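model this:
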Amino acid sequence: MNARPLIPLVVVGGYLGAGKTTMLNRLLAGAQGRRIAVLVNDFGEINIDAALIRRRSDDVIQLENGCICCSIGGRLADALLAIAARPERPELLVIEASGVSDPQRIAQIGLLDPAFRLHAVIVAIDVAGVFEALRDPLVGDMVRRQIAGASVLALTKADLADAATAETVAASVAGMAPRAAVLTARHGALPLPVYLDVAPPVEQGPLLARGSQRWSRPDALHRGIVTFAYRTGRAFDKARLRQALKTLPVRLLRAKGLVAFDGDARSHAVHVVAGRMRVEAIPHACGQAPDESALIFIGPFAADDETTVRACLDAALA
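Numbers count the residues shown, from 1 in each chain. Coordinates of the predicted model:
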């Protein structure tokens with residue numbers, strides 16, 4: 001097919017002062033030559049964050065004097081169209097939301113353009129100040145919405161709190177976003193696999209990886225983030241697979257793969273992130289359904305999570 005590769009999209013949110021700009025600067029510092037575009041929204045008329053990030057990247061787009069999930073949504077759409085139309089597209093687009101924005105709504109706006117594919121909604125959590133923000137009668141509900149819409153909760157400023165407080169915060173925010181991965185961003189640093197698919201490839205089969213391989217290389221993945229592959233020669237029941245992927249009882253960064261559906265001669269690309277699932281039909285070259293289905297799951301999985309996911313997928317087979 002002649003279609004251009006889709007641009008991975010990551011939305012970074014979090015309340016005022018949570019450490020979003022620090023996280024972006026650490027990402028850009030460790031980009032290893034990758035083309036990363038950053039779209040920065042600031043609620044005020046002067047975009048301070050964009051100025052700070054520009055020290056690390058020449059590809060910074062500013063949207064100021066409003067919230068891009070509300071008053072300037074049209075300007076966000078225009079900016080996305082311009083990025084998608086570039087002769088050389090970025091390898092990653094990161095949208096830094098203002099501290100008073102809803103990152104889930106921004107992700108929805110971003111996905112209106114089919115040139116982008118959502119990879120993560122990362123919400124920064126100030127360990128030392130999040131409980132005060134949650135108790136605030138003016139902003140508490142907004143902070144809860146930010147947390148609930150995340151696929152990744154990044155704990156920041158943990159060095160300013162004792163270990164017991166950090167553990168309490170991690171447990172509390174995990175309860176507000178049961179399917180989000182909770183990671184510690186030490187000095188703002190998160191590993192590239194949180195933003196991009198840069199982990200080492202697993203053994204190749206006709207579609208994806210054969211069997212199960214759990215990654216643990218410290219240079220590739222954050223401690224505790226692993227992946228495994230699910231393969232089957234059977235087709236899925238479409239409705240049951242959708243339900244299974246929407247209700248997986250595990251914390252998940254991303255899931256993706258190519259699957260066959262019962263009674264459909266096409267293969268389908270499946271992507272799951274931040275509580276959203278996208279299924280796209282892909283016409284097969286010979287007009288036949290693929291011989292197998294394969295899905296890869298990435299997340300901070302506990303010891304029994306792979307077994308749980310496999311059971312859910314087995315129950316969704318036609």
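
Show me what the biggest strand by length in the chain is packed up against.
Counting by DSSP state E, the longest strand found in the chain is strand 116-126. Contacting strand 116-126 under the criterion 3 or more CB pairs under 8 Å, 6 or more residues apart in numbering; DSSP states H and E are the following elements: strand 7-13, helix 20-29, helix 103-110, helix 140-148, strand 152-156, helix 192-195, strand 267-273, strand 276-282. Just so you know, the C-beta spots here come from the backbone N, C-alpha and C atoms, and that holds for glycine as well.

Quick one: closest of those to residue 298.
helix 192-195 (7.1 Å; CB to CB).

now for the following helix or strand past that closest one, which elements pack on it?
Helices and strands here follow DSSP states H and E; after helix 192-195, the next one along the chain is strand 226-232. Applying 3+ CB pairs under 8 Å, 6+ apart, one finds that strand 226-232 contacts strand 293-299, helix 305-314.

got the buried residues for whichever helix or strand comes after strand 226-232?
Downstream of strand 226-232, the first helix or strand assigned by DSSP H and E is helix 238-246. Buried residues in helix 238-246, defined by neighbour count with 16 or more other CB atoms under 10 Å: 238, 240-242, 244-245.

Ok, stretch 29-39 next?
Here stretch 29-39 shows 31, 36-39 as buried, counting by 16+ other CB under 10 Å.

who's residue 9 bridged to?
Beta-bridge partners of residue 9, counted by DSSP bridges, are residue 93, residue 118.

That one against residue 116, yeah?
Yes: contact criterion CB atoms under 8 Å: residue 9 and residue 116 qualify, at 4.3 Å.

Which of the three states applies to residue 174?
helix (DSSP: H, G, I helix; E, B strand; the rest coil).

ok, now how distant is the residue lying closest to it once chain neighbours are set aside from residue 197?
Nearest residue to residue 174, sequence neighbours excluded (CB to CB, 6 or more residues apart in numbering): residue 182, at 5.1 Å. Distance, residue 182 to residue 197, by CB to CB, to the nearest Å: 21 Å.

Could you check which of these two is surrounded by more residues?
Legend: neighbour count by other CB atoms under 10 Å for residue 182 and residue 197, higher for residue 182 (19 against 14).

quick one: contacts for that one?
Residues in contact with residue 182 (CB atoms under 8 Å, 6 or more residues apart in numbering) are 153, 155, 170, 173-174, 251, 300.

How far does the longest strand of the chain sit from its chain's centre?
5 Å (CA atoms, centre = their mean, to the nearest Å).

now do stretch 113-123
7 Å.

In TSV: the buried residues of stretch 29-39, plus secondary structure.
Below are the buried residues of stretch 29-39 laid out as TSV (three-state DSSP):
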residue	secondary structure
31	coil
36	strand
37	strand
38	strand
39	strand
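
which of those residues lies closest to residue 111?
residue 39 (14.3 Å).

Quick check: that closest one touching residue 92?
No: judged on CB under 8 Å, residue 39 makes no contact with residue 92 at a distance of 11.4 Å.

Low-confidence regions, the stretch 51-200 of the chain specifically.
Filtered on pLDDT under 70, the stretch 51-200 of the chain yields the residue ranges 51-74, 198-200.

With residue 183 as the reference, measure out to the residue positioned nearest the centre of the chain.
Nearest to the mean C-alpha position of the chain, by CA atoms, centre = their mean, lies residue 120 at 1.1 Å. Remark: distance between residue 120 and residue 183 (CB to CB) = 11 Å.

Name the residues contacting each of the two.
152, 194.

which residues do residue 9 and residue 116 both contact?
93, 110.

Assign a three-state SS to residue 134, would you?
helix.

burial count for the closest residue to it other than its chain neighbours?
Nearest residue to residue 134 in three dimensions, chain neighbours excluded: residue 140, at 5.0 Å (CB to CB, 6+ apart). Counted by other CB under 10 Å, the residues lying close to residue 140 total 14.
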